[in-house]
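*Asks:* what follows is a predicted protein model with its sequence.
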Amino acid sequence: MPGPLNGRTAMVTGATGGIGSAIAHRLAADGATVALAHLDDDRAAAELAAHIAGRGGTALPLAADLRDAAAVRTLCHQAQDTLGRIDILVSNAGAYPRRPWTETTPAHWDDTLATNLTSHYLLAHELTPSMTTGAWGRIITIGSVLATAGRHDLTGYISAKAGLEGLTRALARELGPAGITANCVAPGSIRVPAEDTVVDDPDAMTTRQLARQCVQRRGHPDDVAATVAFLATEAAGFITGQTLRVDGGWILG
């Protein structure tokens, strides 16, 4: 059956991660052809593309270091040359480096901002000219509720995510007249496999997290993917410049 994104092309960055792969699957299921941008995970990207193809979708794996302007330019050219255009940018890639403030050097700061903020600027800057030509586009950045809540040992990350919300609002103003919307999806505590490698006691962490939320379950990547998929459709064409928190009611203000 036709999907709401039939005929559209999307790029999802960080596509091999838990949230990124869920977004790629959902956009493909809704009819979009998807470019799967990843850093250096060729095997996982190929498996994801094959899985999408097995369900009747189309996906193109592409590797790039999004901190590098030349690599981003090459990535975008490859995607557009192969797929014709990119209508939907889901700027999801990032990193979560934990480091105490007293140990945060200028080099650490610069790298964290390059990964979690500048990379999003580079992608949007490369892809919005063709969206403008087509008079239609969707830019969906993936932020974090921590931009509002704050947390220790994450100064660079939180600063970048707050900046990403600002970038998204600025793009909404700049690009709205060209038929392009820009919105930020800010996940809360989303249960992904990588959590088991960075949390000493996942069960205890879940207990603490549920005490913060209204909805008494952990978030899942599909929760984020559903929100992204809606913002990519025609139905969301009058929504722009917004940060939509997918956090089970953690942050209510």
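*Replies:* Structure's in. What do you need?
*Asks:* which elements pack onto the helix or strand where residue 48 lies?
*Replies:* Residue 48 is located in helix 42-54, with elements delineated by DSSP states H and E. Packing partners of helix 42-54 (3 or more Cβ pairs under 8 Å, 6 or more residues apart in numbering; DSSP states H and E): helix 18-29, strand 33-38, strand 59-63. Placement of C-beta: from N, CA and C, glycine included.
*Asks:* residue 78 touches residue 62, doesn't it?
*Replies:* Yes - between residue 78 and residue 62 there is a contact at 5.6 Å, judged by Cβ atoms under 8 Å.
*Asks:* between the strand of greatest length in the chain and helix 18-29, how many degrees?
*Replies:* The longest strand of the chain (DSSP state E) is strand 180-187. Put simply, strand 180-187 runs at 140 degrees to helix 18-29, going by axes from the mean of the first three to the mean of the last three Cα atoms, to 10 degrees.
*Asks:* mind listing what's buried in strand 180-187?
*Replies:* 180-187 (16 or more other Cβ atoms under 10 Å).
*Asks:* C-terminal to it, what's the next element?
*Replies:* Assigned by DSSP H and E, the successor of strand 180-187 is helix 195-198.
*Asks:* give the buried residues for stretch 38-56.
*Replies:* So, applying 16+ other Cβ under 10 Å, buried residues of stretch 38-56: 38-39, 41, 44-45, 48-49, 52.
*Asks:* what's that stretch in contact with?
*Replies:* When contacts are defined by Cβ atoms under 8 Å, 6 or more residues apart in numbering, stretch 38-56 is touched by residues 13-16, 21, 24-25, 28-29, 34, 36, 58-66, 93.
*Asks:* could you measure from residue 174 over to residue 142?
*Replies:* 20 Å (Cβ to Cβ, to the nearest Å).
*Asks:* so who does the most centrally placed residue in the chain touch?
*Replies:* By Cα atoms, centre = their mean, the mean C-alpha position of the chain lies nearest to residue 92, the distance being 2.0 Å. Counting by Cβ under 8 Å, 6+ apart, residue 92 touches 12-15, 17, 19-20, 23, 141-142.
*Asks:* any idea how far the closest residue to residue 104 other than its chain neighbours lies from residue 100?
*Replies:* Distances taken as Cβ to Cβ, 6 or more residues apart in numbering put residue 155 closest to residue 104, at 5.8 Å, once the chain neighbours are dropped. From residue 155 across to residue 100, the span is 9 Å (Cβ to Cβ).
*Asks:* buried residues in stretch 237-253?
*Replies:* Buried residues in stretch 237-253, counted by 16+ other Cβ under 10 Å: 240-248, 250-251.
*Asks:* name the helix or strand for the residue nearest to residue 137 when sequence neighbours are not counted, please.
*Replies:* Nearest non-adjacent residue to residue 137, counting by Cβ to Cβ, 6+ apart: residue 131, 2.9 Å away. Element membership for residue 131 (DSSP H and E) is helix 119-134.
*Asks:* what average pLDDT does that helix get?
*Replies:* For helix 119-134, the mean pLDDT works out to 97.
*Asks:* what packs against it?
*Replies:* strand 9-13, helix 69-83, strand 88-91, strand 137-142, helix 155-175, strand 180-187.
*Asks:* just to revisit the earlier point, want to throw the helices and strands packed on helix 42-54 into TSV with mean pLDDT?
*Replies:* Formatted as TSV, the helices and strands packed on helix 42-54 follow (pLDDT from 0 to 100):
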stretch	mean pLDDT
helix 18-29	97
strand 33-38	98
strand 59-63	98
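*Asks:* pick the most buried one from those.
*Replies:* Greatest average neighbour count among these goes to strand 33-38 (a mean of 28), per mean count of other Cβ atoms under 10 Å.
*Asks:* before we move on, back to that, now do the helix holding residue 48 against helix 18-29, angle only.
*Replies:* Using the same axes, to 10 degrees: helix 42-54 against helix 18-29 is 30 degrees.
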